[in-house]
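Colleague: My questions are about this predicted structure, shown below with the sequence.
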Amino acid sequence: MSAVITLTTDFGLKDAYVASMKGVILGINPEASLVDICHTIKPQNISQAAFVLSTTYRYFPRKSIHLVVVDPDVGGKRRAIILRTPIASFVAPDNGVLSYIIQQSLIEPVAKKGRLSIKGGMKPGESIEVVHITNPRFWRSPVSPTFHGRDIFAPVAAALSLGFPPIEFGEPLTSVEVLPVPSPGKRPDGSLAGHVIHIDNFGNLITNVRSDDLPPAERVDTIEVGNRLISGLVRTYSEGSGLIALIGSGGYLELSLRGGNAASLLDAKIGDEVRLKLQPEDEQ
C-alpha cells in the first residue's frame with residue numbers, strides 16, 4: 001500500500017540509525033514513500049523538533065504519517081503515542097514534541113508545561129485522537145531499550161501505513177504532554193514583545209511573532225533585538241542592507257543579515273526578546 005511516511009530525528013547524518021528505521025519500515029511496507037524532514041535537530045532538543053515539524057506537515061498529502069524520534073527518555077517512563085488529527089497521523093514519544101501540532105487545534109494556547117486534557121477546547125472542525133502504544137504485536141522483537149525508534153516507532157508507523165486503525169496499537173488516552181508555545185504580548189508602552197524560537201541554517205532568527213499578531217491598522221516602525229534597531233519590514237531577503245526584518249515563508253517574523261549570519265552578528269540565542277514598536281497607520 002502506497003503511503004507517505006516522514007521522519008524527523010536528532011540522529012544526525014553520520015550514523016546508520018535513520019537507515020535502520022527506514023529498513024524496518026520498508027520491510028513491512030515496501031511501497032511506502034519515505035521523506036526526510038530533518039535529522040539535524042540538536043540532540044534532545046524537543047522544542048526545536050516540535051517547531052520544525054509544525055512548519056512542514058501541512059504541505060504533505062492528507063493522511064500522511066509523521067514519525068518523530070527526539071526522545072531523551074527512551075526506555076524510561078514516557079509513553080509512546082499515536083496522535084491522529086483530521087490532517088495527518090503522528091507517531092512519537094509523549095514528551096511535548098507534538099506541542100505545536102496540538103496547539104494549532106486548540107481554541108486557547110497552553111501557557112505552561114504539563115499534561116493537557118484533549119476532551120475539550122478544540123476549534124470547530126478539529127479533533128484529536130491519541131493512543132498509547134502498548135500492543136507488542138506491532139513491535140520488533142527483541143526491543144532495544146535504547147532504540148525505540150527502530151523497534152517500536154518505525155514498525156508502528158509502517159503498520160499504520162497499511163491501514164491499521166490507531167486503536168489496534170494500544171489504549172486510548174485522554175491527555176497528552178505539551179510544552180508551552182510562547183506567544184507575543186503587548187507591553188505597557190504599546191510595543192509588541194516576542195522571542196526568538198528558532199535559528200535556521202542561514203542564521204536567520206525566527207520569532208514567535210506571526211503576521212496575524214500585527215494589528216491591521218498599525219505598521220511596524222522599528223524592531224529592537226539586543227542593542228540593535230531595525231527599521232520597519234521588507235518583503236524579501238534582497239531588499240535593504242545589513243540587518244533586515246520580514247515575514248518569512250512560515251508566516252513568522254524573521255530577522256536576517258543580508259549576505260551574512262544574523263545569529264552570529266548578534267550573538268543571539270533561542271529565547272532572546274524581540275520588541276516591535278508599532279505605529280498607527282494615520283500617523284504615517
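Modeller: The structure has been received and is ready for your questions.
Colleague: mind listing what's buried in stretch 41-55?
Modeller: 41, 45-55 (16 or more other C-beta atoms under 10 Å). Using the backbone N, CA and C atoms, a C-beta is placed for each residue, glycine as well.
Colleague: I'd like the residues you listed as a markdown table, with pLDDT and distance to residue 242 appended.
Modeller: Listed next are those as a markdown table, based on pLDDT from 0 to 100; distance: C-beta to C-beta, whole Å:
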| residue | pLDDT | distance to residue 242 |
| --- | --- | --- |
| 41 | 96 | 30 |
| 45 | 96 | 30 |
| 46 | 97 | 34 |
| 47 | 94 | 29 |
| 48 | 95 | 27 |
| 49 | 97 | 32 |
| 50 | 96 | 32 |
| 51 | 94 | 26 |
| 52 | 96 | 27 |
| 53 | 97 | 32 |
| 54 | 94 | 30 |
| 55 | 93 | 26 |
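Colleague: pLDDT below threshold where in the protein?
Modeller: For the chain, residues meeting the criterion pLDDT under 70 lie at 107, 120, 217, 281-284.
Colleague: all helices of this structure, in order?
Modeller: For the chain, helices defined by DSSP state H occupy the ranges 17-28, 46-54, 99-103, 148, 154-161, 262-266.
Colleague: could you redo those helices as CSV and give each row distance to residue 193?
Modeller: Converted to CSV, those look like this (distance: least, C-beta to C-beta, whole Å):
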stretch, distance to residue 193
helix 17-28, 38
helix 46-54, 19
helix 99-103, 19
helix 148, 39
helix 154-161, 39
helix 262-266, 17
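Colleague: Tell me which of the ones you listed sits most buried.
Modeller: Across the helices of the chain, averaging neighbours per residue (mean count of other C-beta atoms under 10 Å) puts helix 154-161 on top, at a mean of 26.
Colleague: so what does that one touch, helix or strand wise?
Modeller: Judged by 3 or more C-beta pairs under 8 Å, 6 or more residues apart in numbering; DSSP states H and E, the packing partners of helix 154-161 are strand 3-9, helix 17-28, strand 64-69, strand 80-84, strand 88-93.
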